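Colleague: Return a 3D structure for these sequence lines:
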Amino acid sequence: MKVNPGGILAPTEVVGRDQLIKKLWRILDRQSLVLTAERRMGKTSIIKKMNSEAPNTVITIYRDLEGIKTAVGFAKRVLEDVEAYLSGLQKSAVRVRALLKQLTGAEIAGVKLPEIPEVHWHDVLQRTMEDLLEHQDCPVIFFWDELPLMLYDIKQQQGESVAQEILDVLRSLRQTHTNLRMVFTGSIGLHNVLTSLKRAGYANDPTNDMKIVDVPPLEQADAEDLARQLMMGEGLAVEVEETVQKIAKAADNLPFFIHHLVDHLVLEGGESVDIPGIVRRYMIDPQDPWHLRYYRERIDTYYLNEDKALALALLDVLALVSEPLSFDEIYNRVLSQTDAFDDESTRDVLTLLQRDHYIQQVDINAYRFRFSLIQQSWIIHRGLAA
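Modeller: All right, here's what the predicted structure looks like:
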């Protein structure tokens, strides 16, 4: 296997996810899924592998929704995917074609769609699903990558009410069609969008019928196996077994960083196997080739203004400790710097940071950074190192 840092992996190159994928198929037998995980954990690779290797007892449709910024744009993408599937069966979306003829006076010409009136996007989406599901006896699964990012962009461009309506329509479709499944995932968490919508008055829980599954790092053995396969595939003449352990540990068993570390050894001709030194070199690189500053920047993008300063203060406190802290210890350390935050807002933001995978609760009252790699990066980029 060759290194491919940040690139698109073939399904056969997705290592260590077979048991997780088996679990996800079992869940999809009964309900839809929300996949959560830190960025670069391999969520997209997992759902692409599932789509590519799906059993013949299900129908799967994959779509990357990044770049879609309107509700009608979403409805058009779904219609395009359904038309493409039905055309392979020498069928067409009869209901939605009749609707578009009624609304626009134009028929679907080949793959070209007429302009859909913005106010009728939900009608188009509903008719499209009816056309697809009418004669299907097996489950139909939509793998929608970057759905949270699409909702965020729609919220920014068209307002909270449109993003809310999309979530409500999708839930209604799942409730109406028992053989319809949806898989949501993306580089930002759906909770980021939902938190903003709820503060704007949205009272529904649009995913309470879906199973939320966290995609973990690779198991230690799988992380080492990935590093081993990459090193052998690249023909690196180094002490493989010792090096793969160092790589897996330094990368926190995260596939993205394992690929990058082996790629560095390849580019440097395998001359240096000082893995911690290589990691530190990338952390201080002003070009940020590992995109580690994203973890600081996304707070400004996705957190509410009143939460940003508190999130930074909490992460600064936790970045500088090696052992978990209790809530009181965290809160008192924040108070030693500023008294601008109360304990309830601190609890709320602490929960948000857990959902965003910055930190984890390791016991009933014990919190720490989830990944040592991100913790090291935070210390460096925030100037916290002594």
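Colleague: okay, CA-based contacts and neighbour counts for the rest of this
Modeller: Noted.
Colleague: gap between the most far-flung residue of the chain relative to its centre and A98?
Modeller: Within the chain, the residue lying farthest from the chain centre (Cα atoms, centre = their mean) is G105, at 39.5 Å. As defined by Cα to Cα, to the nearest Å, G105 lies at a distance of 10 Å from A98.
Colleague: do A313 as well
Modeller: 56 Å.
Colleague: And those two? Which one has more around it.
Modeller: Taking other Cα atoms under 10 Å, A313 and A98 do not tie; A313 has more neighbours (19 against 15).
Colleague: The more buried one: what's its closest spatial neighbour, skipping adjacent residues?
Modeller: Sequence neighbours aside, V334 is the residue nearest to A313 in space, at 6.4 Å (criterion: Cα to Cα, 6 or more residues apart in numbering).
Colleague: Could you double-check that that neighbour lies in contact with L312?
Modeller: No: the pair V334 / L312 is not scored as a contact, 10.1 Å apart, by Cα atoms under 8 Å.
Colleague: And those two? Which one has more around it.
Modeller: It is V334, of V334 and L312, that has more neighbours when counted by other Cα under 10 Å, with 20 against 13.
Colleague: and the residue nearest to A313, what pLDDT?
Modeller: Among the per-residue scores, V334 shows a pLDDT of 94.
Colleague: The one 5 residues further on too?
Modeller: D339 carries a pLDDT value of 84.
Colleague: list the contacts for the spatially closest residue to D222 that is not a sequence neighbour?
Modeller: Ranked by Cα to Cα, 6+ apart and with sequence neighbours excluded, the top spatial neighbour of D222 is G16, at 5.1 Å. Counting by Cα atoms under 8 Å, 6 or more residues apart in numbering, G16 makes contact with 218-219, 222-223, 226.
Colleague: Of those residues, which is the most crowded?
Modeller: Each of those was scored by neighbours using other Cα under 10 Å; the highest score is L226's, at 27 neighbours.
Colleague: wait, isn't that residue in contact with T12?
Modeller: No: when contacts are counted by Cα under 8 Å, L226 is not listed as touching T12 (12.0 Å).
Colleague: pLDDT below threshold where in the chain?
Modeller: Low-confidence segments of the chain (pLDDT under 70): 106-107, 109-112, 270-272, 386.
Colleague: residue nearest the centroid of it?
Modeller: Going by Cα atoms, centre = their mean for the chain, the residue that ends up nearest the centre is G186, at 2.8 Å.
Colleague: Wait, it touches G42, no?
Modeller: No: because the distance of 10.1 Å does not satisfy Cα under 8 Å, G186 is recorded as not touching G42.
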